[in-house]
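Engineer: Return a 3D structure for these sequence lines:
(chains A and B)
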Amino acid sequence: MKWTTFSAVALTLVGLLALAGWGIAGPAENPPAHPEVEGAVTPDACEVCHQEVTPEVHSEWYDSQHGMLAVKCFVCHGSTGEDFTKDPSIDRCVGCHADQVETMAAPFMKDKSCFTCHPAHALMAHLPVAVEGGDK
Amino acid sequence: MSATRRQFMVASAATSALAALGKPTKAFAAAGGGIKWTKGVCRYCGVGCGVYKGVRDGKLVAIKGDKENHNDGYVCLKGFLLPQILYHEDRLTHPLIKKNGKLVKASWDEALDLVAKKFTESVKKNGKDSVAFYGSGQAYTEESYAASKLFRAGFGTNNVEGNPRLCMASAVGGYVTTFGKDEPMGTYDDIDNADVFFIIGSNTAEAHPVLFQRIARRKKADPNVKIIVADPRMTPTGRIADIYLKFKPNTDLFVLNAFANYFVQNDLVDKEFIKNHLAFGKGKAADQNWDAYVAFLAPYTMEKAAEVSGCPIEDLTTAAKLFGCKKNRTMSMWTMGINQRLRGVWGNNLIHNLHLITGKIGIPGSTTFSLTGQPNACGGVRDQGGLCHILPYGRLVKKPEHRAEVEKIWGVPPGTIGDKPGKHTLAMFQALETKDIKCIYIMCTNPGHSLPNVNRYRKAMADPDTFVVVADIYPTRTTELADVVLPAAAWSEKEGVYGCSERRYQLEHAVVLPQGEARPDFDILVDLAARCGYGKLMPWKSPDDAWEELLLLAEGTMYQIGGITRARLRKDHGVIWPCPTEDHPGTKLRYVKGEDPWVPDDYPHRIMFYGKPDNRAVVWFRPWENAAEMPDEEYPFFFTTGRVIEHWHTATMTGRCKELKHAKITSEVEIHPDDAKKLGVRTGDGVRVTSRRDSLVFPALVTDNSQPGLVFVHMHDDNLKRMCNKITIDQFDPGSKEPTFKICAVKLAKA
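Structural biologist: The predicted structure is shown next:
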């Protein structure tokens, strides 16, 4: 017996509707919902699928401080339901980095988010700074 | 991979590609914008992280870590999602009474009058001990205290228990037998000073994530820090380990004795410390000596330990060297892997032994630290006296002078408190089965899911001839068995004190109103007491008054919480006892001169184990023994249970968070590839797991994190088809009475 069986009909419908929607509207700023997984009798968490579908993203996260400390996908991206977001708001950083998030209110941060300097998924403390005259 | 999985991945990849064109959104809703922040404590584990709770328009909307508390502003993923636990549509918002087999809506008057009538009638007709209270390490201290006073001084029974019996009783037994007093002597600050961590029987990364983070930070700050993790499974805690001792189940007590023997044989013991501070004991008597201890340890060689445990001798030896090296400060941490065992107390004793004979104790970074599972098991149940054999602040039911002290403060006649301990948890539910207990009040916990061999006790609770009252915030596997369900106010909807693993007491503030007709457990108990005719026992207007009474009870005991006044709790970010006066900073190094107010300034040594009459901690001789149920020909596998980071306890709260409800909530059976191959199962296949209690089917997770002969299932899943406690055995440690959730025997078959 397979426990990871999705409802093929439901998923196909969701997939078709989603793809049709993108086709008409073009790429969205914050994309449509996460593919339907609700109701699937599955023991899997995000990692199981995303190790295969987005392996680079998974390993960037897994090897990062956040991965080491098990700050998992849904902390930033929400659930796979209506609250799912591809591009997390910095509200999601407040839990552990409240002071830093407050600094984002400064005028010179106007067009920036936490992820401007801390690349998504790896979320290093700071981007490597290019050294003048070094390798280009 | 199934076709449907492939479809999902195609859709998911498309989502990612298209979304990459978008820009991150910026929202400051949670960071500002009319939010009022109030300090508090996380609702979940025993780490007791300080949080700030953000309320807007009367609703809890955000959580952030408290930088002024021990957690330095960090919370784990469950803590961050806490606001959701208040607002799920399932919340119990009015009392329910079972009529014709169904729970139907009732008024508070109707429900509480019925409870009062049933309990008082049972006491009159069947005797005082026909009623019982089963509480929780999640209730506030004042709530557990109110229940304890109602049952002991009102109904007159010591049948007062709590779920810490299921998780921490062996740690209590260990501290009390070795040091004479319960609770650790160190604090989380020791983490920042340790050179070596010895983590055994604890998946810290998942069960206590913020402490794991602090350990990881310590290692990052100093690469010379070494971490030894000992566990039969490779868990995420192993990601920071330098040495991973993946021992065969139940062989850890052998390994611990072998470490001690290694210290003796390699001159890693502290002879001066042994001479000044230690006694030696066997059985229950501290009447042995060093030579007898050395002789006891002789069979526990490293060679034999390697053979018994299956760990490479090089790893065992390196670990022992690191632990024992005289220049290293070593911190041991453990939790359920040691406690939930037939010899849980012995396991605790053996860890303490390692620190005692090396003198690695009472120095910043050198300590023996039990991690706690619930937010108020320590403060609310262990300290306050919420188990059947204890009374507030280290007093024992069996001691007449202790009962007299409590009776005096309570203003009740001498002899009110029964002279015999009540029934411990499993005995309590067994008495419900035999109808010796006819009425039970269950508060803030879920024994219909969390007791071992749970089918047996679910049947007892469901029996129409027993009267079961459950106060909780959501429907659970226990409320479904109840005769009366009382809707309780949740964390953040009520005020009270939590005491975490490091003796830190903190105040949890009410920041929003209870949902519907829900009421704080404290109010419910005070109301119930009045309806039972015991109103005089609880003349309190609020939990503040009960706290004043608790401070009186602690006065003169070694707990010394007199300085932890309500006013101070409102202001401070937690206070660590002993703390005799309001201007005392609290005690981080217990038993240590110059730190602990109980140690006289002129005491001739740096440490004084004042819990023992001769000021000597006891090194106990504890042999290696079989578990209560070992694998055999018919049931050849070890079955063990544990936790995942996404969920907590029986998932009654985490299972209602939208991000968590599908995240690892299904219990899988972790099985080693060698065993999976023999059974012909792959990940995702069903595996039937059968013990002598029940037989359930779990999806397989084939992983070499496990080891041959061992299967693991997490304990959070409340689906009756996958509730692991139908499989577990209801044997318990004869000393602590803590059940042996960690080991029983099963057979496996492909389903």
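
Engineer: Could you give the backbone dihedrals for residue A:52?
Structural biologist: Main-chain dihedrals, residue A:52, degrees, to the nearest 10: phi -90, psi -40.

Engineer: Any buried residues in stretch A:53-60, and which?
Structural biologist: Buried residues in stretch A:53-60, counted by 16 or more other C-beta atoms under 10 Å in any protein chain shown: A:53, A:54, A:57, A:58, A:60. Quick note: C-beta positions are derived from backbone N, CA and C, even for glycine.

Engineer: if I pick residue A:74, what's in contact with it?
Structural biologist: Shown in contact with residue A:74 (C-beta atoms under 8 Å, 6 or more residues apart in numbering or on different chains): A:46, B:77, B:659, B:660, B:663.

Engineer: among the buried residues of stretch A:53-60, which are in helices?
Structural biologist: Among the buried residues of stretch A:53-60, the members falling in helices (DSSP state H) are A:53, A:57, A:58, A:60.

Engineer: okay, the second one: pLDDT?
Structural biologist: Residue-level confidence at residue A:57 comes out at 94, pLDDT.

Engineer: Distance-wise, check it relative to residue A:63.
Structural biologist: Distance from residue A:57 to residue A:63, counting by C-beta to C-beta, to the nearest Å: 11 Å.

Engineer: Which is the succeeding secondary structure element to the longest helix along chain B?
Structural biologist: With secondary structure taken from DSSP H, chain B has its longest helix at helix B:108-126. Following helix B:108-126 in sequence order, the next helix or strand is strand B:131-135 (DSSP states H and E).

Engineer: Quick one: name whatever helix or strand follows that following strand.
Structural biologist: Heading C-terminal from strand B:131-135, the first helix or strand you meet, by DSSP H and E, is helix B:141-149.

Engineer: Let me see the domain layout of the chain.
Structural biologist: Using chain A here. Split into domains by automatic domain parsing, chain A comes to A:1-43, A:45-130.

Engineer: wait, I meant chain B there
Structural biologist: Following automatic domain parsing, chain B resolves into domains at B:96-166+B:379-548, B:169-370, B:637-728.

Engineer: Could you dump those domains into JSON lines with mean pLDDT, mean neighbour count and distance to residue B:38 added?
Structural biologist: Below are these laid out as JSON lines (pLDDT from 0 to 100; neighbours: other C-beta atoms under 10 Å in any protein chain shown; distance: least, C-beta to C-beta, whole Å):
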{"stretch": "domain B:96-166+B:379-548", "mean pLDDT": "98", "mean neighbour count": "21", "distance to residue B:38": "5"}
{"stretch": "domain B:169-370", "mean pLDDT": "98", "mean neighbour count": "21", "distance to residue B:38": "20"}
{"stretch": "domain B:637-728", "mean pLDDT": "96", "mean neighbour count": "21", "distance to residue B:38": "20"}
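
Engineer: how about the helices of chain A, start to end?
Structural biologist: A:8-25, A:46-53, A:55-62, A:65-68, A:73-77, A:94-103, A:114-117.

Engineer: Can you mark which positions in stretch B:559-574 are buried?
Structural biologist: Within stretch B:559-574, the residues that count as buried by 16+ other C-beta under 10 Å are B:559-566, B:568-569, B:572-574.

Engineer: And chain A, is it touching that?
Structural biologist: No: Stretch B:559-574 stays clear of chain A (C-beta under 8 Å from any C-beta of the partner chain), getting no nearer than 14.7 Å.

Engineer: Let's verify the nearest residue to residue B:320 once chain neighbours are set aside: helix, strand, or coil?
Structural biologist: Nearest residue to residue B:320, sequence neighbours excluded (C-beta to C-beta, 6 or more residues apart in numbering or on different chains): residue B:262, at 4.2 Å. Under DSSP: H, G, I helix; E, B strand; the rest coil, residue B:262 falls in the helix class.

Engineer: from what I can see residue B:262 touches residue B:256, true?
Structural biologist: No: the pair residue B:262 / residue B:256 is not scored as a contact, 10.7 Å apart, by C-beta atoms under 8 Å.

Engineer: quick one: the helices in the stretch 101-250 of chain B?
Structural biologist: Using DSSP state H, counting those that start in this stretch, the helices of the stretch 101-250 of chain B run over residues B:108-126, B:141-149, B:164-167, B:169-179, B:204-207, B:209-221.

Engineer: any chance of those in JSON lines, plus distance to chain A?
Structural biologist: As requested, the helices of the stretch 101-250 of chain B are exported to JSON lines (distance: least, C-beta to the nearest C-beta, whole Å):
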{"stretch": "helix B:108-126", "distance to chain A": "35"}
{"stretch": "helix B:141-149", "distance to chain A": "27"}
{"stretch": "helix B:164-167", "distance to chain A": "21"}
{"stretch": "helix B:169-179", "distance to chain A": "25"}
{"stretch": "helix B:204-207", "distance to chain A": "6"}
{"stretch": "helix B:209-221", "distance to chain A": "5"}
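
Engineer: Nearest to residue A:82, out of those helices?
Structural biologist: Proximity to residue A:82 (C-beta to C-beta) singles out helix B:209-221 among the helices of the stretch 101-250 of chain B, at 27.0 Å.

Engineer: packing partners for that closest one?
Structural biologist: Packing partners of helix B:209-221 (3 or more C-beta pairs under 8 Å, 6 or more residues apart in numbering or on different chains; DSSP states H and E): helix B:204-207.

Engineer: So residue B:258 versus chain A, what's the distance?
Structural biologist: Per C-beta to the nearest C-beta, to the nearest Å, residue B:258 is found 31 Å from chain A.

Engineer: Pretty sure that residue sits against residue B:303.
Structural biologist: No: in this structure, residue B:258 is not within contact of residue B:303 by C-beta under 8 Å, at 9.0 Å.

Engineer: Which residue is it, in the stretch 501-650 of chain B, that comes closest to chain A?
Structural biologist: Proximity of the stretch 501-650 of chain B to chain A (C-beta to the nearest C-beta) peaks at residue B:645, 5.0 Å away.

Engineer: so which strand or helix has that residue?
Structural biologist: Counting by DSSP H and E, residue B:645 is found in no helix or strand.

Engineer: Contacts only, for the closest residue to it other than its chain neighbours.
Structural biologist: Nearest non-adjacent residue to residue B:645, counting by C-beta to C-beta, 6+ apart: residue B:206, 4.0 Å away. By C-beta under 8 Å, 6+ apart, the residues touching residue B:206 are A:70, B:235, B:236, B:237, B:643, B:644, B:645.

Engineer: Right, I'll call it a day here.
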